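Asks: give me a 3D structure for the following:
(one chain, ligands or ions: 1)
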Amino acid sequence: PRGATRDDDGVLTIGGVRVTDLAAQYGTPLFVYDEDDFRSRCADMQAAFGPYGRVHYASKAFLSAEIARWVAAEGLSLDVCSAGELAVAVHAGFPAERIALHGNNKSVSELAAALDAGIGHIVVDSIYEIDRLDELAGERGVVADVLVRVTPGVEAHTHEFISTAHDDQKFGFAITEAAGARDRSHYATAMDAVRRVFAADNLRLVGLHSHIGSQIFDLDGFEVAAHRVIGLLGDIVDEFGVEKTAQLEVVDLGGGLGISYLPDDDPLPTAEVAERLAEIVANESAALGLPTPLLAVEPGRAIAGPGGVTLYEVGTLKDVALDGGSTRRYVSVDGGMSDNIRAVLYDAEYDVRLASRVSDADGVLSRVVGKHCESGDIVVRDCWLHDDLTPGDLLVVGATGAYCYSMSSRYNLAQRPAVVAVRAGQSRLLLRRERIEDYLSLEAGVEATSE
Ligand code: LLP
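Replies: Numbers count the residues shown, from 1 in each chain. So this is what the prediction gives:
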């Protein structure tokens, strides 16, 4: 986090609060969000993209009511992709007209909840959904604004991107028509979806959407996506004319801006991304005779990731012999794959440090592991931790603000950690730690036995 330093005793402080005090007050494992960091990243995104359009915070990265309030206060919009995320946003009083709903299989009740809440728009992802939404909007006597999600044939991850004619994945409608696929009963192109929405009485097409991947350090993939989405606008102009196409006022290029997990990671400069993409959108839409659409983006990780950390307490230490005579130290902490599945799922790498004190002891090749019942339960695969590490020390794992709590589980009936925010020397609870009683309360079949 931007607000992390060491105090005179060598204790890590975040937002002016010592991690030892946080651990004593809230217990561990603990997610800690530096409020100034989170909000300043919202503000930076807004400063970069705001002049050209809109920034939606992708709430899947991490959402709580307080987070929704920060996002609202910084002037951003919000993406949700489930009834749960929508409910938290509504609970927080997030302005409904600034909420967008995503998903490839939104349920009827999710679509209905979105319409009833009066959210800004819904990103439609299948022909079934277009028909369902039209019907639900009709029943309510409203006209729903929609974006059509398209697959621009770009797959981007970190330093590389692949450009193809088609995406072989579940989201969106392909921009390019595939020879031979037409006779399939569930085949539809982006143009088919556009025609369907235009023909629907209770839907209004307000734009196009694409999302090419996540943790991206390479601008080229976004540029290719922008060219192809505007190319589709050109096809729409050809079929429906400039005047009708001009109602598509939004080009949303999704999320995906990468962050620094390790010191060598090199995130894209947000302002340059914004300028470059805005230039493509403006020039190419002008060439079609269209007014410049708003450029929307949906960063999740780039806003929530860097300012969140996880605090763990060291429980046990074990040196294990490796082939060749060296050893590796297994440092077990009080959480693991239930609060951070990303190392296991994506081979994600994290920076881990001793947080409760400083040490000048030598580094030892170590692996930080959790407390779950499988050997793959690894938080940090390879790291150098001080030789004098001891049970009770606190470790901090950096940049866990995105996709850690939100992807957490109750594996082994672990209790989800508490989440706190820190700012100006004060801490406050955002989400309390789960209790065993929370899941006992789900038990339907067996009455509690006393004694
Ligand atoms: N918009 C859409 C439509 C998305 O599907 C996503 C992420 C985002 C925006 C936000 O992307 P971001 O800016 O955070 O990269 N669980 C994975 C990441 C999956 C992202 C899925 N969609 C992880 O932990 O790395």
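Asks: list the contacts of Val88.
Replies: Neighbouring residues of Val88 by C-beta atoms under 8 Å, 6 or more residues apart in numbering: Ser59, Leu63, Ser64, Ala65, Ala68. For every residue, glycine as well, the C-beta is placed using N, CA and C.
Asks: how many neighbours does the second one have?
Replies: The tally of other residues near Leu63 (other C-beta atoms under 10 Å) stands at 25.
Asks: all strands of the stretch 251-400 of the chain, in order?
Replies: Applying DSSP state E, counting those that start in this stretch to the stretch 251-400 of the chain gives strands spanning 294-297, 308-321, 327-333, 352-354, 363-369, 378-386, 394-397.
Asks: out of the contacts of Val88, who's nearest the ligand?
Replies: Ser59 (9.2 Å; C-beta to the nearest ligand atom).
Asks: my guess is that closest one meets Arg301, correct?
Replies: No: if you go by C-beta atoms under 8 Å, Ser59 and Arg301 don't touch, sitting 11.9 Å apart.
Asks: interface residues of this structure facing the ligand?
Replies: With C-beta under 6 Å from any ligand atom as the criterion, the chain meets the ligand at residues 58, 60-61, 79, 102, 211, 214-215, 254-257, 298-302, 342, 346, 402-403.
Asks: which of those count as buried?
Replies: Buried members of the residues of the chain next to the ligand, counted by 16 or more other C-beta atoms under 10 Å: 58, 60-61, 79, 102, 211, 214-215, 254-257, 298-302, 342, 402-403.
Asks: now the two most distant members of the contacts of Val88.
Replies: Maximum pairwise distance among the contacts of Val88 (C-beta to C-beta): 11.1 Å, between Ser59 and Ala65.
Asks: excluding chain neighbours, what is closest to the residue nearest the centre of the chain?
Replies: Centroid check for the chain by C-alpha atoms, centre = their mean gives Ala61 as the closest residue, at 2.9 Å. Leaving aside its sequence neighbours, Ala61 sits nearest to Gly300 (C-beta to C-beta, 6 or more residues apart in numbering; 3.2 Å).
Asks: isn't the one you found up against His56?
Replies: No: under the criterion of C-beta under 8 Å, Gly300 makes no contact with His56, lying 9.1 Å away.
Asks: what are the boundaries of the helices in the protein?
Replies: Counting by DSSP state H, the chain has helices at residues 19-26, 35-49, 65-73, 83-91, 108-117, 127-140, 190-199, 219-245, 270-287, 301-304, 342-346, 436-440.
Asks: and the fifth one with helix 83-91, angle?
Replies: Helix 108-117 and helix 83-91 are oriented at 20 degrees to each other (axes from the mean of the first three to the mean of the last three C-alpha atoms, to 10 degrees).
Asks: now the helices of the chain as TSV including mean pLDDT and distance to Ser366?
Replies: Output for those, formatted as TSV (pLDDT from 0 to 100; distance: least, C-beta to C-beta, whole Å):
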stretch	mean pLDDT	distance to Ser366
helix 19-26	98	19
helix 35-49	98	27
helix 65-73	98	32
helix 83-91	98	36
helix 108-117	98	44
helix 127-140	98	48
helix 190-199	98	50
helix 219-245	98	35
helix 270-287	98	34
helix 301-304	98	26
helix 342-346	95	14
helix 436-440	95	31
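Asks: which residues touch the closest residue to Gly120 other than its chain neighbours?
Replies: Excluding the flanking residues, the one nearest Gly120 by C-beta to C-beta, 6+ apart is Glu97, at 4.8 Å. By C-beta under 8 Å, 6+ apart, Glu97 lies in contact with Gly118, Ile119, Gly120.
Asks: does Val71 touch Val55 like I think?
Replies: No: the pair Val71 / Val55 is not scored as a contact, 9.3 Å apart, by C-beta under 8 Å.
Asks: residue of the stretch 51-200 of the chain nearest the ligand, please.
Replies: Nearest residue of the stretch 51-200 of the chain to the ligand (C-beta to the nearest ligand atom) works out as Ala58 at 3.6 Å.
Asks: which ones are touching Val380?
Replies: Going by C-beta under 8 Å, 6+ apart, the list of residues near Val380 reads Ala343, Glu349, Tyr350, Val352, Arg367, Val368, Val397.
Asks: again, 6 Å this time
Replies: Tyr350, Val352, Val368 (C-beta atoms under 6 Å, 6 or more residues apart in numbering).
Asks: what's the neighbour count on the last one?
Replies: So the one you mean is Val368. 24.
Asks: tell me what it is bridged to.
Replies: The partner list for Val368 in beta bridges (DSSP bridges) reads Val331, Val380.
Asks: so how far is Gly335 from it?
Replies: Using C-beta to C-beta, to the nearest Å, one gets 10 Å for the distance from Val368 to Gly335.
Asks: ok, now the second one?
Replies: When distances are taken as C-beta to C-beta, Val352 and Gly335 turn out to be 12 Å apart.
Asks: which of the two has more neighbours?
Replies: Neighbours of Val352 and Gly335, each counted by other C-beta under 10 Å, are more numerous for Gly335; the result is 27 against 22.
Asks: excluding its backbone neighbours, what's nearest the more buried one?
Replies: Pro29 (3.5 Å).
Asks: how many residues are close by the one you found?
Replies: Pro29 has 30 nearby residues by other C-beta under 10 Å.
Asks: same thing with the one 10 residues further on?
Replies: Other residues lying near Arg39 total 17 when counted by other C-beta under 10 Å.
Asks: surely it and Trp70 touch.
Replies: Yes: Arg39 is within contact range of Trp70, at 5.4 Å (criterion: C-beta atoms under 6 Å).
Asks: which ones are touching the spatially closest residue to Ala4 that is not a sequence neighbour?
Replies: Of all residues not flanking Ala4 in the chain, Ile14 sits nearest, at 4.9 Å (C-beta to C-beta, 6+ apart). By C-beta under 6 Å, 6+ apart, Ile14 lies in contact with Pro1, Gly3, Ala4, Val32, Asp34, Val422.
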